[in-house]
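**Student:** structure for the following, please:
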Amino acid sequence: MYKALGLNHLGYHKPLPEAAEAAVKYGYGGISLNIGEANGYEPEYVKSLLAEKRLKTGGFNLPFDFRGDEGAFKDGISKLPEYCAFAEKIGETRCMTWILSSHGEFDFDENFRLHRDRLRAAAEIMGAHGVMFGLEFVGTPSAYREKKYGFIRSLDGILELIDAIGAPNIGVVFDSWHWHFSGLTRADIGTMPGSSIVMVHINDAPAEIPADEQHDLTRALPGATGIIQISEFLGGLADAGYNGPVYSEPFYAPLRDMGFDGAMKAAADAIDSVWPW
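**Tutor:** Take a look at the predicted model:
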């Protein structure tokens, strides 16, 4: 496993060269790419920049919203082959998206079919370019109640969806927040093959909010409260043999008030405080 910097997780954006500088300065071994922006550079430039900074590629988010109407989906997925071809050229092998746990219009079965078909189409394009596709479940109880129809909110549910998609390059994104709030244990991760885990996020939960009222976008820096047992979470990943990127994803509003350097130091200190290796 290696610590990776995802500026978007911390509420910031910088051009790739500046993001790479920050990753080195604050002790990260990898970096998340905005694939749309990175695609504006020559592949050899990106490869040489990462090699010079001794940074690993850390993955990218699916660069369009697959949940929209059919026209928006077709427009978004039409650009995916270009992005994946670029990813292949720079040695980027990971992509992820998250699965919302409720929907305002589609019942479970309708929503399942939409996810199965659209994510299969995306996975097939990624697979042709050697890119693994990770799906993240949202285990926050309040998110499941947010809209009329509940949807997938657990590891078992995401594995069922992955099985229905049937693509060999599709796996799981583990977030310590969703791991904790869906009641999982170290063993639930440790029994999985590490090759099926695509990406990892860590964070903590505010101490003053009851579990059933926690909100997905109001979190805390890793190790801040100890509500989430990150040592158990990371131990499960080690048991599984996971060797990919680990991001701090705290959705912690005070980072915006610290300024870029202050926020980067706070985030780096937090991830270092729980990093056991």
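**Student:** okay, now the unreliable bits of the stretch 1-150 of the chain?
**Tutor:** For the stretch 1-150 of the chain, no stretch has pLDDT under 70.
**Student:** would you map the strands across it?
**Tutor:** Using DSSP state E, counting those that start in this stretch, the strands of the stretch 1-150 of the chain run over residues 2-5, 30-31, 56-57, 60-61, 94-99, 102-103, 132-137, 149-150.
**Student:** now the stretch 151-277 of the chain
**Tutor:** 170-175, 197-202, 245-248.
**Student:** now these as TSV including mean pLDDT?
**Tutor:** As requested, those are exported to TSV (pLDDT from 0 to 100):
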stretch	mean pLDDT
strand 170-175	98
strand 197-202	98
strand 245-248	97
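**Student:** and residue 258, which of the strands of the stretch 1-150 of the chain is closest to it?
**Tutor:** Among the strands of the stretch 1-150 of the chain, strand 2-5 comes nearest to residue 258, with 15.8 Å by CB to CB. Where C-beta positions appear, they are placed from N, C-alpha and C, glycine not excepted.
**Student:** check contacts around residue 26.
**Tutor:** By CB atoms under 8 Å, 6 or more residues apart in numbering, the residues touching residue 26 are 5, 264-265, 267-268.
**Student:** please pick the buried ones from the residues you listed.
**Tutor:** Neighbour counting by 16 or more other CB atoms under 10 Å classes 5, 264, 267-268 among the contacts of residue 26 as buried.
**Student:** ok, of these, which one's closest to residue 143?
**Tutor:** Residue 143 has its nearest neighbour among the buried ones among the contacts of residue 26 in residue 267, at 23.7 Å by CB to CB.
**Student:** got a list of what residue 157 touches?
**Tutor:** Residues near residue 157 by CB under 8 Å, 6+ apart: residue 137.
**Student:** what's the distance between it and residue 173?
**Tutor:** Separation of residue 157 from residue 173 (CB to CB, to the nearest Å): 14 Å.
**Student:** what do you get for residue 130?
**Tutor:** Distance from residue 130 to residue 173, by CB to CB: 18 Å.
**Student:** related to what we said a few turns ago, adding distance to residue 226, write the strands of the stretch 151-277 of the chain out as JSON lines.
**Tutor:** Shown next, in JSON lines, are these (distance: least, CB to CB, whole Å):
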{"stretch": "strand 170-175", "distance to residue 226": "17"}
{"stretch": "strand 197-202", "distance to residue 226": "13"}
{"stretch": "strand 245-248", "distance to residue 226": "16"}
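**Student:** need those in TSV with mean neighbour count and distance to residue 148, can you?
**Tutor:** Shown next, in TSV, are the strands of the stretch 151-277 of the chain (neighbours: other CB atoms under 10 Å; distance: least, CB to CB, whole Å):
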stretch	mean neighbour count	distance to residue 148
strand 170-175	24	25
strand 197-202	25	28
strand 245-248	26	32
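**Student:** residues near the nearest residue to residue 16 once chain neighbours are set aside, how many?
**Tutor:** The spatially closest residue to residue 16, leaving aside those adjacent along the chain, is residue 38, at 5.9 Å (CB to CB, 6 or more residues apart in numbering). If you count neighbours by other CB atoms under 10 Å, residue 38 ends up with 22.
**Student:** how deep is residue 236 tucked in, by neighbour count?
**Tutor:** 23.
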